[in-house]
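> could you look at this predicted model? Sequence included:
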Amino acid sequence: MATEHPQDQHNPQHGQADGHQHGRAHDHGHDHGHDHGSADRVAAWQETDPAEWFTERFWDDRYRERPIWSGNANQRLVETAADLTPGRALDVGCGEGGDAIWLAGQGWQVTGSDVSPVALERARQAGEAAGVADAVTWEQADGRGDWAPPAGAYDLVTASFLQFPRSELADFHRKLAAAVAPGGTLLITAHHADSHAGEGTPFTADLFATAQEMADGLALDAGWEVSATDPTREAVFPPGPEGTLMSVRDAVLRAVRRR
Ligand SMILES: C[S@@+](CC[C@H](N)C(=O)[O-])C[C@H]1O[C@@H](n2cnc3c(N)ncnc32)[C@H](O)[C@@H]1O
């Protein structure tokens, strides 16, 4: 995603008609309204069955059309990782690899995982171009269903804007938490209904959880130090001269596993 400011992976790569209305950012569960094409193309995916929104086919089709994201790391990841000592990291729903490649550049040994082989191939190429190919492993995996990352294997497990139905979140988040090593950090950054649901969007509020709702669902024990916040950030939508600088809300769950 080479982005307009703010430098955040969740801005589109190129200027485009986003159909962004009513001060909301309403791409598929993402804050950026990032499709690169015409409003017609935005409508095309919005008209797919929402049950398809979490599948390999849906995302491969979208990624095949064009690059989607900026290539920059997401702000919440940068804020969080700034205080961490590089180690092993897992980025689930890594898309085109902006976060994973940024982590690798900071000295992390990274596994980037996504349901879309098309995105992963693009991420692999971006990692090579960035000179971090040796530090990143790309893995195709569907985060739903039986998939689970290796237990206790990572010093940082991060998932940025990997939106699943509310009913599946707790189980999914538990799998991510289980992959965190003692002393490690879990970071879940999600879209917030304030910015993504309702009039002018294809989404209803029940698709989104606040950070506290995510924390309640995850129900981590006293062995974890949990922070749940719903901060805003500034983003330009649509990107380019016609865009408007607006405030976008995220749901951010950070949890550190005590030793
Ligand atoms: C909004 S994008 C975010 C990509 C990246 N994390 C970022 O911040 O730019 C959501 C990503 O989740 C992936 N995804 C969707 N459903 C998935 C699933 N069932 N399992 C794993 N990844 C999935 C998509 O392919 C897509 O790359």
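Alright, I've got the coordinates. Nothing here was measured: the structure is a model prediction, and the numbers come from that model.

> drop to CA atoms for contacts and neighbour counts, all remaining ones
Will do.

> give the contact list for residue 187.
Residues in contact with residue 187 (C-alpha atoms under 8 Å, 6 or more residues apart in numbering) are 77, 80, 156-159, 252-255.

> out of those, which sit inside helices?
77, 80 (DSSP state H).

> between the contacts of residue 187, which is nearest the ligand?
Within the contacts of residue 187, the smallest distance to the ligand is 6.2 Å, found for residue 159 (C-alpha to the nearest ligand atom).

> the closest one reaches residue 93, doesn't it?
Yes: with contact defined as C-alpha atoms under 8 Å, residue 159 reaches residue 93; the gap is 6.2 Å.

> around the ligand, pick out the residues from the stretch 1-150 of the chain.
Residues of the stretch 1-150 of the chain lying near the ligand by C-alpha under 6 Å from any ligand atom: 9-10, 30, 54-55, 59, 69, 93-95, 114-116, 141-144.

> select only the buried ones of these in PyMOL?
Entered in PyMOL, the line below selects the buried ones among those, by 16 or more other C-alpha atoms under 10 Å:
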select buried, resi 9+10+30+54+59+69+93+94+95+114+115+116+141+142+143+144
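
> the residues of the stretch 1-150 of the chain next to the ligand in strands, which ones?
Mapping these onto strands (DSSP state E) picks out residue 114.

> now the strands for the stretch 1-150 of the chain?
Assigned by DSSP state E, counting those that start in this stretch, the strands in the stretch 1-150 of the chain fall at 88-92, 109-114, 136-140.

> who's in contact with the longest one?
Residues from elsewhere that reach strand 109-114, judged by C-alpha under 8 Å, 6+ apart: 86-95, 97, 100, 103-104, 120, 135-143.

> related to what we said a few turns ago, relative to residue 230, which of the strands of the stretch 1-150 of the chain is closest?
Comparison of the strands of the stretch 1-150 of the chain against residue 230 by C-alpha to C-alpha identifies strand 88-92 as nearest, at 20.5 Å.

> got the angle for that closest one vs strand 109-114?
Put simply, strand 88-92 runs at 10 degrees to strand 109-114, going by axes from the mean of the first three to the mean of the last three C-alpha atoms, to 10 degrees.

> can you list the buried residues in strand 88-92?
Neighbour counts using 16+ other C-alpha under 10 Å place 88-92 of strand 88-92 among the buried residues.

> try stretch 102-111
Of all the residues in stretch 102-111, those buried under the rule 16+ other C-alpha under 10 Å are 102-105, 108-111.

> how far does it sit from its chain's centre?
Centroid separation for stretch 102-111 versus its chain: 16 Å, with C-alpha atoms, centre = their mean, to the nearest Å.

> let's test this: mean pLDDT of that stretch, rounded?
Taken as a whole, stretch 102-111 has an average pLDDT of 98.

> right, and residue 102 touches residue 77 too?
No: shown here, residue 102 and residue 77 do not form a contact pair, counting by C-alpha under 8 Å, at 9.5 Å.

> where do the helices sit along the protein?
Under the criterion DSSP H, the chain contains helices at 39-46, 56-65, 75-81, 98-105, 117-129, 166-178, 193-196, 211-218.

> give me the contacts around the second one.
Contacting residues not belonging to helix 56-65 are listed as 45, 52-53, 115-119, 142 [C-alpha under 8 Å, 6+ apart].

> these: which two are farthest apart?
45 and 142 (19.7 Å).

> re the thing from before, any chance of the buried residues of strand 88-92 in CSV, with pLDDT and distance to residue 169 too?
Formatted as CSV, the buried residues of strand 88-92 follow (pLDDT from 0 to 100; distance: C-alpha to C-alpha, whole Å):
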residue, pLDDT, distance to residue 169
88, 98, 24
89, 99, 21
90, 99, 18
91, 99, 16
92, 98, 14
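
> between these, which sits nearest the ligand?
Taking C-alpha to the nearest ligand atom as the measure, the ligand lies nearest residue 92 of those, at 6.5 Å.
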